[in-house]
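> What follows is a predicted protein model with its sequence.
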Amino acid sequence: MARTDDTRQERLDSPKGMRTRVLPTRRRGRGDTFGRATEGIARAMGTPWFLVGLTLFCAVWMGYNALAPKSWQFDSAAIGFTALTLVLSLQASYAAPLILLAQNRQDDRDRVQFEQDRQRAERNLADTEYLAREVVALRLAMRDMASKDFIRAELRSLLEELDRRDADGAGLAGFADEAGSGARG
């Protein structure tokens, strides 16, 4: 019996997009809830209040099982508080992976932050290099431009030349003769 694409069975050798899901998929918005919870637990375990609370819990546990009547005791001091040891081992066995998960999430955030910082630094370097090239281009262009001193010197030399022509008398008289002859002709 031939199978069609619509009735595809779950196969491990088929591409991931082609497989049907056995478990329901998570909604996109809540996918980070577990990660945030593990970070909250790891953050709480790293506080002095957690240590004080755990110490009080152990003291009350041992005090109750040492001082209560034998019929009310649930963990014997004679055999070393075995139940307390198991409870603390269970707590530690869950605490270690939760702390590692929180550290992995922090490493991921640090990696993303490092990449963003690197990209920002590259952009800043490129911008700085561009601005440096522009400043150099402006400086080169400014060298080609006439400065105030150069313009003043040129104007002074032109004024001196005009004054010499006036002193000779030939400058204006010659100009007037040329202008008059050109208007008559």
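In hand now; what should we look at? This is a predicted model, so every value here is computed, not measured. Residues are numbered from 1 along each chain as shown.
> gap between residue 147 and residue 153?
Residue 147 sits 10 Å away from residue 153, going by CB to CB, to the nearest Å. Glycine gets a C-beta too; all of them are placed from N, C-alpha and C.
> mind showing which ranges of this structure have poor pLDDT?
Scanning the chain with the threshold set as pLDDT under 70 gives 1-31, 170-185.
> Now with 50, please.
Residues of the chain meeting the criterion pLDDT under 50: 1-3, 6-8, 171, 183-185.
> how about the helices in it?
Secondary structure of the chain (DSSP state H): helices at 33-45, 48-67, 82-144, 148-168, 170-184.
> which one of those helices is the most hemmed in?
Comparing the helices of the chain by mean neighbour count (mean count of other CB atoms under 10 Å), helix 33-45 comes out on top with a mean of 14.
> from the chain's centre, how far out does that one sit?
Taking CA atoms, centre = their mean, to the nearest Å, the mean C-alpha location of helix 33-45 is offset from the chain mean by 23 Å.
> again, but for stretch 131-149
37 Å.
> same thing with stretch 56-68?
Counting by CA atoms, centre = their mean, stretch 56-68 is centred 50 Å from the centre of its parent chain.
> repeat for stretch 152-166
65 Å.
> Repeat that for stretch 46-60.
Worked out by CA atoms, centre = their mean, stretch 46-60 lies 37 Å from the chain centre.
> Export it to PDB, keeping only CA atoms.
What follows is stretch 46-60, C-alpha atoms only, in PDB (Å, rounded to 0.1, in the frame of the first residue of the first chain):
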ATOM      1  CA  GLY A  46      23.100  32.400  45.600                       C
ATOM      2  CA  THR A  47      21.800  34.700  48.400                       C
ATOM      3  CA  PRO A  48      22.600  34.700  52.100                       C
ATOM      4  CA  TRP A  49      18.900  34.300  52.800                       C
ATOM      5  CA  PHE A  50      18.900  30.900  51.100                       C
ATOM      6  CA  LEU A  51      21.800  29.800  53.200                       C
ATOM      7  CA  VAL A  52      20.200  31.100  56.400                       C
ATOM      8  CA  GLY A  53      16.900  29.400  55.400                       C
ATOM      9  CA  LEU A  54      18.600  26.100  54.600                       C
ATOM     10  CA  THR A  55      20.500  26.200  57.800                       C
ATOM     11  CA  LEU A  56      17.300  26.900  59.800                       C
ATOM     12  CA  PHE A  57      15.500  24.000  57.900                       C
ATOM     13  CA  CYS A  58      18.300  21.600  58.800                       C
ATOM     14  CA  ALA A  59      18.500  22.800  62.400                       C
ATOM     15  CA  VAL A  60      14.700  22.400  62.900                       C
END
